[in-house]
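In: structure for this input, please:
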Amino acid sequence: MFKTIAVALSATVLGATALAAGAAQAADLSGAGATFPAPVYAKWAETYKAQTGIGLNYQAIGSGGGIKQITAKTVQFGASDKPLKPEQLDQVGLYQFPTVMGGVVPVMNLPGVNPGQVHLTGALLADIYLGKVTRWNDPRIAGLNKGVKLPNLPITVVHRSDGSGTSFLFTSYLSMKSPEWQSKVGASDSVEWPTGLGGKGNDGVSAFVKQTIGSIGYVEYAYAKQNHAVYALVQNKAGQFPAPTAANFAAAAAGADWNKAPGNYLLLLDQPGAKSWPITGATFILVYKNQDDAAAGQGVLKFFDWAYKNGDAAAAALDYVPMPAAVKALVRKQWAANVKAGGKPVYVSK
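Out: Numbers count the residues shown, from 1 in each chain. Predicted coordinates:
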């Protein structure tokens, strides 16, 4: 998956370069970070290049890598599924805004089991990742899945090996559901995993699970869907086991009040509602408040403004949830006030 995305975006850059030669067009854009939104960013980039001739070189290296690269100013924007708190943004001089929302799902390699057939709770997931529940026919799993023929197989845990916003969402959720997880491991984009194998990126975790019988991992739903993975249903705050769908990711975000989220810092985990998927999150773009290159800053915001206006269908087709219109309007107003060069806004959305 990562190689496919990287190749597609590289081709976009090369194509845009050819179109832009001698035409005084804006330069290609550069970004790096989260693998969670990489499929939709690739699709947006493809269409944007076809319409404008401007390419996007996006490196899907994980949220931790994206934060490091934007901090080092080696890219024009960073991307992270782990939102930075207002004080963290201020320390570096960054501003963040959300692009789309999606869900993190547990995926498994269990012969004879269909997608959505296995039910898990947050506490049980935590104990699996703590190494306390080690076989698929363990009484705790069997008790929650009466009538499901669970194989007598050892559980192989798969987790991210890189700094990952997907890991941040997953471990934050486990911390909410398991005091033991909270005290022993905690919530972060990179943790000391008690057990298991590490895969790089959502695609790396998907690949490990696909090739390892008896394994369980966690990925953004678009990767589960594209890889036809067997996923588990996770009990939500209302005690229900909703399907991981765009509608149920949107249900989890229904009560989100972005107007009361300083620095756009907002988590959508374990939200109320019978249909709410419990491991839902937004993904974010990071840019400097004071831009060294006004044209580059303008190019980044112009691309995401275009995506806000034209990218919802592509996002929905990949089972992401577009940001609500009111949130997009809020963010557009923020751009002029928060992203400047020489004291002047680099881009004003119309």
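In: all the helices of the stretch 251-350 of the chain, residue numbers only.
Out: For the stretch 251-350 of the chain, the helices identified by DSSP state H, counting those that start in this stretch occupy 294-310, 312-317, 325-338, in order along the chain.
In: ranking the ones you listed by burial, who's on top?
Out: Most buried of the helices of the stretch 251-350 of the chain, by mean neighbour count (mean count of other CB atoms under 10 Å): helix 294-310, with a mean of 20. In short, each C-beta sits where N, CA and C put it, glycine included.
In: now the angle between helix 325-338 and it, please.
Out: 170 degrees (axes from the mean of the first three to the mean of the last three CA atoms, to 10 degrees).
In: how distant is helix 294-310 from the center of its chain?
Out: In terms of CA atoms, centre = their mean, to the nearest Å, the centre of helix 294-310 is set 20 Å apart from its chain centre.
In: what are the structural domain limits within the protein?
Out: Under automatic domain parsing, the residue ranges defining each domain of the chain are 2-102+280-345, 104-255.
In: burial measure for the closest residue to Lys149 other than its chain neighbours, as a count.
Out: The shortest distance from Lys149 to any non-neighbouring residue, by CB to CB, 6 or more residues apart in numbering, is to Gly112 (6.2 Å). The local packing of Gly112 (other CB atoms under 10 Å) involves 10 other residues.
In: quick revisit: save the domains of the chain as JSON lines, and put in distance to Tyr265 and mean pLDDT too.
Out: Below are those laid out as JSON lines (distance: least, CB to CB, whole Å; pLDDT from 0 to 100):
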{"stretch": "domain 2-102+280-345", "distance to Tyr265": "5", "mean pLDDT": "88"}
{"stretch": "domain 104-255", "distance to Tyr265": "12", "mean pLDDT": "96"}
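In: redo these as a markdown table? Include distance to Ala261.
Out: Shown next, in a markdown table, are the domains of the chain (distance: least, CB to CB, whole Å):
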| stretch | distance to Ala261 |
| --- | --- |
| domain 2-102+280-345 | 9 |
| domain 104-255 | 12 |
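In: Asn264 is nearest to which of those?
Out: Minimum separation from Asn264 across those (CB to CB) falls at domain 2-102+280-345, 5.5 Å.
In: hmm, back to that, so which of the domains of the chain gets nearest Gly263?
Out: Closest of the domains of the chain to Gly263 is domain 2-102+280-345, at 3.6 Å (criterion: CB to CB).
In: roughly how far out does that closest one sit from the chain middle?
Out: A distance of 13 Å separates the C-alpha centroid of domain 2-102+280-345 from that of its chain, computed with CA atoms, centre = their mean.
In: thanks a lot, see you next time.
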